[in-house]
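Undergrad: mind folding the following:
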Amino acid sequence: MGHEVLDVIKQEILKSRYFSISVDSTPDITHTDQLTIIIRHVNMTNYEPVERFLTFIPISSHTGQNLADTLIQYLSEQNIDFTHCRGQTYDNASNMSGKYIGMQQILKNKNSLVDYISCAGHSLNLVGQSAVDCCVEAVSYFGFLQRLYTFFVASTRRWRILLIHIEQKPHCLIPKHLSDTRCLAQFISDCREKFDIYEQKASDRCGNSSYKYESATRQIPKRKKHVSEGSAADAMESMTGKQKFKVNTFNVIIDQLNSALKKRIEAYSTMQQRFDVLTEFESMSDDDIVAAIERLVGVYASDLSSDFYS
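TA: The predicted model follows:
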C-alpha cells in the first residue's frame, strides 16, 4: 500500500511539473538519524498547494554535501526531475543555509532556479534568542526560568504540587520549556514607548515595584576627570533604579529585537518583490503590472514565454 501511495504522489508531481522541497533530519526511537523529505506542489485537480511526505532516509553525516547528495539520489531513484524544482526551505543551521558549502547552495549550483527560503518560524525564534542573549539581565532571567522549569518537570510529584498552587492563583503562569523551535508570534514596533505599561503589569502581577539597582548603593570614589570625558557616568549614577533598568535592559532588548527582525525581513524581500504581482496586482497600475511580469519572465525564462503578459 505504501508503494501505491508513493506512486500516486509521484503522478501528482508529474502533472504539476514544478515543486519545492523541504528536508530536515531527526533521530528515531533507535537513535538513528533520518532525513525527512517533503515535497510541496500544486494539485492540478483543484489548483491548491499541497505538501506530501515522501520518505525517511537514514544518514550518517550532516554535511551540506552529504544531505544534498542524498536528496538528489533519492529524487533520481523516484524519477522526479530535479530540474523542475523551484524552491527549497530548511532551518537556519549552517550545514543547511550556508552560502558556500550549505545544502541550499550546493543544490542551487545544480539548479540555479532553486531559490532558498529559510524557515520563518525558526528565523523568528532566532530573533527572540538574540534578544535573550543581548544583556546580562536577560540571560539571567531566562536562565532562571529554564532551571525552574527543569526542577519541576523532573518530578511528577513536584509538578503536581506546582499545579495545585497555580490553581489557587489565577494570574500565575505555568513555566514552559524554552524550545529552540518555538515560534515568536508577534512583535510590537512601538513597545519601546510602552515601558510604563509593562512595568505596571509586572508590578501588579508580582506585588513588588522595587528595583535591585535601588538597593545597590555603592560608594564610588571620586577621581580626576580629563577634558575629553563627558558626563555619561554622572548621568548613570543619578538615575533611579527604574531608569537604569529601562536604559540598560528594556531598551537594549527591544533594540536588539528590532535590529534582528529587520535583518531577517531582508532575507525575504527578494522573493516578495519578485512575486508581488501575484498578491498585490489589484493595487498596481497597468504599467507596474507589466513591468513586474517582465521581471518575473526574465527570471523564469525557461518556464514562462515572452508573450505571457500580452
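
Undergrad: check this protein for its longest helix and report it.
TA: What stands out as the longest helix in the chain, according to DSSP state H, is helix 251-280.

Undergrad: angle of the helix or strand just after that helix against helix 251-280?
TA: Sequence order places helix 286-299 as the next helix or strand after helix 251-280, per DSSP states H and E. Relative orientation of helix 286-299 with respect to helix 251-280: 100 degrees, computed using axes from the mean of the first three to the mean of the last three C-alpha atoms, to 10 degrees.

Undergrad: okay, buried residues for stretch 84-94 please.
TA: Residues 84, 85, 86, 87, 88, 89, 90, 91, 93 are the ones in stretch 84-94 that count as buried (16 or more other C-beta atoms under 10 Å). Yep, even glycine has a C-beta here, placed from its N, CA and C like the rest.

Undergrad: any chance you could map the helices in the chain?
TA: Counting by DSSP H, the helices of the chain are 2-16, 64-77, 94-97, 103-110, 120-132, 136-153, 156-167, 195-206, 212-215, 232-237, 241-245, 251-280, 286-299.

Undergrad: and the longest helix of the chain, what's buried?
TA: The neighbour-count check on helix 251-280 (16+ other C-beta under 10 Å) flags 252, 253, 254, 256, 257, 258, 260, 261, 264, 274, 276, 277 as buried.

Undergrad: same question, stretch 1-19
TA: Result for stretch 1-19 [16+ other C-beta under 10 Å]: buried residues 9, 10, 12, 13, 16, 19.

Undergrad: I'd like the distance between the nearest residue to residue 44 once chain neighbours are set aside and residue 88.
TA: Excluding its sequence neighbours, the residue lying closest to residue 44 (C-beta to C-beta, 6 or more residues apart in numbering) is residue 15, at 4.8 Å. Going from residue 15 to residue 88 by C-beta to C-beta, to the nearest Å gives 21 Å.

Undergrad: coming back round to it: and which of the buried residues of helix 251-280 is nearest to residue 291?
TA: residue 277 (8.8 Å; C-beta to C-beta).

Undergrad: check what pLDDT the closest one gets.
TA: Looking at residue 277, its pLDDT reads 84.

Undergrad: thought it was touching residue 293?
TA: Yes: contact status for residue 277 versus residue 293: in contact at 5.8 Å, counting by C-beta atoms under 8 Å.

Undergrad: so residue 60 sits right up against residue 35, yeah?
TA: No: the pair residue 60 and residue 35 fails to qualify as a contact (C-beta under 8 Å) at a distance of 10.6 Å.
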